[in-house]
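Chemist: Model the structure of this input:
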Amino acid sequence: MQLRFETRASDSSWVDAVWTCTSDHVTTMTSVAAVNWGLVFWERDGHGYAGVTGPETRTGTAPVPEGATFVGIEFAVGTSLRTVPTPALVDAGIELPDATRRTFRLDGARWGTPGADDAEALVDRLVRAGAVVRDPLVVAVRRGEDPEVTGRTVERRFRAATGLTQGVVRQIERARTAAALLATGTPVADVVTGLDYFDEPHLARSLRRYVGRTARQVREGSGGAIAIDLAQRATSYTTLTTPLG
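Modeler: Here you go, the predicted structure:
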């Protein structure tokens, strides 16, 4: 079984990434811990479907239907649906009713099903309609700003907006980045040092918990299908950490 992932970053402050995926055979894949909620659209046998995915705090397995094509939008941390608080989506999801190949229903209205190239246009419409909202305090914290409120207030607002603590978000993001770097050949010792793991066993525990793979499996690309575009994650990390000038 193969999953052909393509992921791109977004220039929208409301969106972290847009991805597409095609499956070749019926089987299962390893789902990876994630900090974002999202919208996902898929087609199979001429029928269209839509759903809302939530943040995931652990790995698991998920079925992959044969011949399905997917388009997904990963929303930025701190955003949420007006009608569904993100905490209610943690380790869960919702299949949206009455979806077709061309339209889907959300927040009491019908919207056009997007392709990968016009995902941001859909998000803009959802934001203008008030269907997608965000907490500006969480957005500021994610940008590295130091808001003039107590740490307790920040943590309460962060958890209310995301369903996760800041600590859990950092751990998941670090594990996903570690897996991406290992997949591109970065030595384990360099990953440990660069991402501030205590030692190699600490990295190994993190990978098992949040990615469902050992470092060796990540490097070799073994262990079966996995729900993450490791090449894109590594590119994003390299871009963000390369000094300017």
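
Chemist: report the longest helix in the protein, please.
Modeler: helix 166-183 (DSSP state H).

Chemist: contact partners of that one?
Modeler: Residues outside helix 166-183 that contact it (CB atoms under 8 Å, 6 or more residues apart in numbering): 32-35, 57, 77, 141, 154-155, 158, 162, 164, 188, 190-191, 194-197, 203, 206-207, 209-211, 213, 215, 218-219, 221, 228, 230-234, 236-237. To be clear about C-beta, it is placed using only N, CA and C from the backbone, and glycine gets the same treatment.

Chemist: Domains in the chain, by residue range?
Modeler: 3-134, 166-241 (automatic domain parsing).

Chemist: Save these as a markdown table, and put in distance to E145 and mean pLDDT too.
Modeler: Below are those laid out as a markdown table (distance: least, CB to CB, whole Å; pLDDT from 0 to 100):
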| stretch | distance to E145 | mean pLDDT |
| --- | --- | --- |
| domain 3-134 | 12 | 93 |
| domain 166-241 | 14 | 85 |
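
Chemist: Filter the contacts of helix 166-183 down to the buried ones and express that as a PyMOL selection.
Modeler: Restricted to buried positions by 16 or more other CB atoms under 10 Å, the PyMOL selection for the contacts of helix 166-183 reads:
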select buried, resi 32+33+34+35+57+77+141+154+158+162+164+188+191+195+197+203+206+207+210+211+213+215+218+219+228+230+232+233+234+236+237
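
Chemist: circling back: out of the domains of the chain, which comes closest to T150?
Modeler: Across the domains of the chain, T150 has its closest neighbour in domain 166-241 (13.9 Å, CB to CB).

Chemist: Check the offset of the closest one from the chain's centre.
Modeler: Remark: domain 166-241 is offset 15 Å from the chain centroid, using CA atoms, centre = their mean, to the nearest Å.

Chemist: try stretch 90-104
Modeler: So, by CA atoms, centre = their mean, the centroid of stretch 90-104 is 17 Å from its chain's centroid.

Chemist: Run through who's touching that stretch.
Modeler: 41, 43, 46-58, 84, 105-106, 110-113, 163-164.
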